[in-house]
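> Take this sequence and fold it.
(chains A, B, C and D)
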4 protein chains.
Amino acid sequence: MVVVMAADATEEDADNVVSLVREAGGEAFVSRSVSRTIIGLSGDIDNLATLNLPAQPGVCDVVRISVPYKLVSREHRRERSVIRVGGVPIGPDTLTVIAGPCAVETPEQTLQSALMAKAAGASLLRGGAYKPRSSPYAFQGLGEKGLQILADVRAETGLPIVTEVVDPSDVDLVATYADMLQVGTRNMQNFPLLQAVGGAGKPVMLKRGMSATIEEWLMAAEYIAQRGNLDIVLCERGIRTFEKATRNTLDISAVPVAQRLSHLPVIVDPSHSGGRRDLVLPLSRAAIAVGADGIIVDVHPHPETALCDGPQALIESDLRELASVALHLSPLVGRTLTPAPAPAMA
Amino acid sequence: MVVVMAADATEEDADNVVSLVREAGGEAFVSRSVSRTIIGLSGDIDNLATLNLPAQPGVCDVVRISVPYKLVSREHRRERSVIRVGGVPIGPDTLTVIAGPCAVETPEQTLQSALMAKAAGASLLRGGAYKPRSSPYAFQGLGEKGLQILADVRAETGLPIVTEVVDPSDVDLVATYADMLQVGTRNMQNFPLLQAVGGAGKPVMLKRGMSATIEEWLMAAEYIAQRGNLDIVLCERGIRTFEKATRNTLDISAVPVAQRLSHLPVIVDPSHSGGRRDLVLPLSRAAIAVGADGIIVDVHPHPETALCDGPQALIESDLRELASVALHLSPLVGRTLTPAPAPAMA
Amino acid sequence: MVVVMAADATEEDADNVVSLVREAGGEAFVSRSVSRTIIGLSGDIDNLATLNLPAQPGVCDVVRISVPYKLVSREHRRERSVIRVGGVPIGPDTLTVIAGPCAVETPEQTLQSALMAKAAGASLLRGGAYKPRSSPYAFQGLGEKGLQILADVRAETGLPIVTEVVDPSDVDLVATYADMLQVGTRNMQNFPLLQAVGGAGKPVMLKRGMSATIEEWLMAAEYIAQRGNLDIVLCERGIRTFEKATRNTLDISAVPVAQRLSHLPVIVDPSHSGGRRDLVLPLSRAAIAVGADGIIVDVHPHPETALCDGPQALIESDLRELASVALHLSPLVGRTLTPAPAPAMA
Amino acid sequence: MVVVMAADATEEDADNVVSLVREAGGEAFVSRSVSRTIIGLSGDIDNLATLNLPAQPGVCDVVRISVPYKLVSREHRRERSVIRVGGVPIGPDTLTVIAGPCAVETPEQTLQSALMAKAAGASLLRGGAYKPRSSPYAFQGLGEKGLQILADVRAETGLPIVTEVVDPSDVDLVATYADMLQVGTRNMQNFPLLQAVGGAGKPVMLKRGMSATIEEWLMAAEYIAQRGNLDIVLCERGIRTFEKATRNTLDISAVPVAQRLSHLPVIVDPSHSGGRRDLVLPLSRAAIAVGADGIIVDVHPHPETALCDGPQALIESDLRELASVALHLSPLVGRTLTPAPAPAMA
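Have a look, this model is predicted:
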């Protein structure tokens, strides 16, 4: 941290800062120039943060120069991580496609969606049994019945399951079914939920909050990591901006930026970013080309009857093209498409 | 709802929409012009929403023309509501000041803050025992011990208590101590929490999400209302924008806009909006003048040692000015300052 | 400026920075701690900026700690400025109301609007003869004919004129008619225009760009000031955010923030911020209460036929209320309402 | 357009709207349902816009359902356009790389940059002689001397020139040197400048305003087109959002969205979007993969001494990789890399 003293700060003001820092076990280096005094600090940042330096007399600004997250940072682990979900890798050498319906509705719709997912090159199945909906009058998901459907479809297709959890008290139940727990964009800073999934013993996909900075996103991951779970996959899904032509604005730059700051894999959700079926393929190509470790897309056998987010779901005729894109673009960024696991023998 | 057909939509496409709507029990009126066909719909919007009209062939756009919330709307209740918190009113004829420390730290700090709050014209005490913090390494609140401190200070000062709850499973416990439950900005779309406070039998203060539209904010209130609890106070606390000179951008227009759309009281948090002590007084004046039903401000006896948000807390010398502003501006907007209740007799 | 060296920077890297700075005539103070080296710089910032320090080997970050504008800053002039427009003051002791039609359409409409402006408490008349419109097919203003109408109405009513200029080559012409030149939000960074109005010898009202930071706004003012013209009034008119309930989001905090950073007066445009007639009065109250030095509002005798921005114009019945608000709120913030000048004798 | 009447609108209110529209030569179709009346309009939108329907009694909302631009729309021209710049095509079958220094500084630096551009696969040279800078104290460009340098380098390398113009009165001069005129992000709504370049007889590259919607961007293009110049290339260069990890947020979705709405080519500027050299390559890959018709990148022989935007310029070692990316990704999106033209014979 660097403490910048005000132009009219006195020498006593600077001495006060130095004393406080030293009492707290830190080091302080004072640089005085004609117009300004600057104090460089080192030591335990969390400790120094309790000193409330911005409120000290004569202090103009306190500038933090190291990142506030630790376990998820590249400084903690230099090599980029590979996370395994039911045996399927997500990491720097592969491109992993996750696909499925936004919401689990019926066994038939879920199985059909899983087969569509496979046709699209997916090795993981996503599907929501607990849906956070902005209206209390909208379909809220099938709950445990939906989880059971997902498990049945996994048994039949071999695809491990990614599914959302929205209440800390549901985490244990969902974790008994899921191969990976999803924390949605509206829950990125639901700290009790982050702590619960941090202790659940399953990999976690953490979607970026719709107005979260990349730093806040990594701090949310740190909450999970701090409970001992470093099997975290970050998912960029678009941020909220003034532009209304798309549902959200896909922050494609967030992928390389987050990968430089953190060792965790970063994937992209082109379906929720754009909110339009006709943008899913171009945005998938962009995500793979920018270097994402995977993509997660909505598919639905009959989007016109979907209970959730129908307008953005891919349909049959899009699947072959997505599979082809995933297969042919991956090598250009030094990756191979992750194959779907085989169903377990009966 | 209005369905706008694409320029190249066929007559069959329009007929299909009409059939779907009529099967679902709605009405559909077709207007054909040279260049476009438009279909006006009426009936149960939630029902029509399940038809997924945007995905039907030939449909270009579906425009909603009525609001998606019901119980919290002015159409449901024409008169603006008065909510009572431990007997203290928040509503259209009064200006209610809520003040207290961001976090409860010790009995002394809490009592001293409550006395400061009274000096500032407050009739309700706020203070956090459960703190949602963006870093897992930051102070997370005292939990139930903090609630007990608040209850003791209430007994001594007479001020009813407003305090935050962050986990659905804590709601019952917090409700036994609190006079009003606060749902914070990061939890505005934590739907299990909204449902839990909706069933807790205590008034709720719902802070606007930092990137929530006014419509989403009212939909979040609808979640609470739908559980039978209409004692809800909306709190504007600044939104996230590109401007970094302030911690958030106080959306002062949201006060009259929300008051026109909903019968619920709307208050303003000038402390978290600006994030700077020197902005609290000007923003409080603006909030009162724009017509807010109350304000909620941070006070702290020793901001320089505060464990949370010290830089924005008011100090002793600010209090008299805030009380004076609240007293003298209120009549200009047709209100009276709500007096603090007397402590109960021993 | 503070240069923060990377964790793996060498001593040579730091020496290189110091040498570059000293060669450029600046001073550099090195602070070395266990984990980081920090170099504080002083000297001519513009000079140091040419060194491109962020690109030097081992440099992690360069943090600027002084403001980049000079002439418009409080450091250059401690006292807040009073700008006089045709004799009418705008400054810290007064509240000045500017009103008029968005666009000058006819002599009758302009005169009628001027009389409405007076009834609303205005001492300056605004009206556009050159309109920047987002569609080339929209009404673009009457040009010089409109300026002539404004001059005639000034002669009749005594109200000095504020009018917009959009092309550097029109500045001289507009300046022969206007008492104050307005630079609109879309032209805030039209640098040739800023330089032209800086040399025109008339006061300038500089509207904030719709996505400009407060710092960029002050830099734009600096462009005008640098040409020798310090008679500048800043006008906050709402910024672009995700919220669509209002045309723009009035950044009410920008008023005290800009007033602390700059000695220039700051006024508020509640008409363009909200874009709705029903918000003009509440936002005017908020603007006066927060401490604005004035407000500028749209009035129109027949908004339903207005060629520009009709939906936000005040009508007859609003005027008395606005005048009353301006009169009664001003003393609470230590101001008096600026009276309209008398028309010149015939 | 669709006019939505208020819930309490009378039959007379609706009749009034119908009369106004018919008098203005349009058609109106009334749909009455139990709760609402909706009026569909057709006819000349610009004509109807002058009726100021939102201000009529009983009108709740007016929803526009056709786009406000004409000449640049896909409805005006179904096939995507190919624009030729000094013989070099920009359009749907090619990928065109434009490269060069942000600012022209010296003949040597410009020539060296042009050779770097060629090595990076570029077929057009960009370089600024007139620079819009947010500080009046920053380097403002060499003016005509810079144009002369560009022309000399064109003669030597064969690369046609793209260069910015910022003042309407400079357009004729710049057009005598340039092969393509650039309108920068801060001037996207500088309407006199748009009209001037519309009449200059040279292709125009129109950068998106940093807070412009896609619709406003296309309206700005319409201004140019309306003067008879349809040789326009749109350039996405990042928008302003809350995220500060990158200089701007590249709105990658804007490329397919704008291409669906308009027949004009759309290119991407990965240098200004990210503002960081390490993001230029990943963002270039994303831009090509999403389907952009070209990219424009900063190169500089010595970024550490660049007078403008040094930190984002590519250096020697990046060039081969960019050329390789452009060459190998293009075929995957059905394009071929546009070759550089040969220098003219002496």
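> got the contact list for the closest residue to A:Thr106 other than its chain neighbours?
When the adjacent residues along the chain are set aside, A:Thr106 lies closest to A:Ile149, with 7.5 Å between them (C-beta to C-beta, 6 or more residues apart in numbering or on different chains). For the C-beta atoms, the positions are set from N, CA and C on the backbone; glycine is no exception. Residues near A:Ile149 by C-beta atoms under 8 Å, 6 or more residues apart in numbering or on different chains: A:Val104, A:Thr106, A:Pro107, A:Thr110, A:Gly127, A:Ala129, A:Leu142.
> and which of these is nearest to D:Ala9?
Compare each of the contacts of A:Ile149 with D:Ala9 using C-beta to C-beta and the shortest gap goes to A:Leu142, at 42.5 Å.
> Burial check on the closest one, number of neighbours?
22 (other C-beta atoms under 10 Å in any protein chain shown).
> a strand runs through it, doesn't it?
No - looking at A:Leu142 with DSSP: H, G, I helix; E, B strand; the rest coil, it is coil, so not inside a strand.
> ok, of the contacts of A:Ile149, which come out buried?
With neighbours counted using 16 or more other C-beta atoms under 10 Å in any protein chain shown, the contacts of A:Ile149 contain these buried positions: A:Val104, A:Thr110, A:Gly127, A:Ala129, A:Leu142.
> secondary structure class for the residue nearest to A:Thr106?
Assigned with three-state DSSP, A:Ile149 falls in the helix class.
> follow-up on the earlier one: make a markdown table from the contacts of A:Ile149 and add distance to A:Pro339 and secondary structure to it.
Formatted as a markdown table, those follow (distance: C-beta to C-beta, whole Å; DSSP: H, G, I helix; E, B strand; the rest coil):
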| residue | distance to A:Pro339 | secondary structure |
| --- | --- | --- |
| A:Val104 | 24 | coil |
| A:Thr106 | 28 | coil |
| A:Pro107 | 25 | helix |
| A:Thr110 | 22 | helix |
| A:Gly127 | 20 | coil |
| A:Ala129 | 26 | coil |
| A:Leu142 | 30 | coil |
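> Of the residues you listed, just say which sits nearest to A:Gly294.
Checking the contacts of A:Ile149 against A:Gly294 by C-beta to C-beta gives A:Gly127 as the nearest, at 16.5 Å.
> Contacts only, for that closest one.
Contacts for A:Gly127 were tallied using C-beta under 8 Å, 6+ apart; they are A:100-104, A:110, A:113, A:146, A:149-150, A:153, A:161-163.
> now, which of the residues you listed lie within strands?
Among the contacts of A:Gly127, DSSP state E puts A:Gly100, A:Ile161, A:Val162, A:Thr163 in strands.
> mind checking how far the second one is from chain C?
In this case it means A:Ile161. Here the criterion is C-beta to the nearest C-beta, to the nearest Å. By it, A:Ile161 lies 33 Å from chain C.
> three-state assignment of whatever residue of chain A ends up closest to chain B?
Minimum separation of chain A from chain B (C-beta to the nearest C-beta) falls at A:Ser211, amounting to 3.2 Å. Reducing the assignment to helix, strand or coil with three-state DSSP, the entry for A:Ser211 is coil.
> same check, this time on A:Val30
Per three-state DSSP, the secondary structure class of A:Val30 is strand.
> In terms of pLDDT, where does it sit?
Note on A:Val30: pLDDT of 78.
> For the residue of the stretch 51-200 of chain A found nearest chain D, which non-adjacent residue is spatially closest?
Closest approach between the stretch 51-200 of chain A and chain D, counting by C-beta to the nearest C-beta: A:Val67, at 11.4 Å. On the basis of C-beta to C-beta, 6+ apart, the spatially nearest residue to A:Val67 that is not a chain neighbour turns out to be A:Ser73, at 5.8 Å.
> correct me, but A:Ala286 touches D:Ala289?
Yes - judged on C-beta atoms under 8 Å, A:Ala286 makes contact with D:Ala289 at a distance of 5.1 Å.
> neighbour count winner among those two?
When neighbours are counted by other C-beta under 10 Å, A:Ala286 and D:Ala289 differ, and A:Ala286 comes out ahead with 33 against 28.
> Name the residues that touch stretch A:5-23?
For stretch A:5-23, contacts defined as C-beta under 8 Å, 6+ apart pick out A:3, A:27-28, A:30, A:32, A:35-39, A:41, A:43, A:48, A:51, A:53, A:56-60, C:75.
> I'd like to know which of those are buried.
A residue is treated as buried here by neighbour count (16+ other C-beta under 10 Å); on that basis the buried members of those are A:3, A:28, A:30, A:36-39, A:41, A:43, A:48, A:51, A:53, A:56, A:58-60.
> tell me the two of these that are most distant?
Within the buried ones among the contacts of stretch A:5-23, A:Arg36 and A:Gly43 form the most distant pair, 22.5 Å apart (C-beta to C-beta).
> pLDDT below threshold where in chain A?
Within chain A, the segments meeting pLDDT under 70 span A:33-35, A:65-66, A:345-346.
> Just want the most central residue of chain A.
Per C-alpha atoms, centre = their mean, the C-alpha nearest to the average position across chain A is that of A:Leu234, at 2.7 Å.
> For my notes, confirm that one occurs in a helix.
No - the assignment for A:Leu234, made by three-state DSSP, is strand rather than a helix.
> so it bridges to which residues?
Beta-bridge pairing of A:Leu234 under DSSP bridges involves A:Leu206, A:Val266.
> From what I see, it and A:His263 are in contact.
No - taking C-beta under 8 Å as the contact criterion, A:Leu234 and A:His263 are not neighbours in contact, 10.6 Å apart.
> Next, format the contacts of A:Ile149 as TSV and append distance to D:Arg240.
Formatted as TSV, those follow (distance: C-beta to C-beta, whole Å):
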residue	distance to D:Arg240
A:Val104	39
A:Thr106	44
A:Pro107	47
A:Thr110	41
A:Gly127	36
A:Ala129	38
A:Leu142	41
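> and which of the residues you listed is nearest to B:Ser169?
A:Ala129 (20.1 Å).
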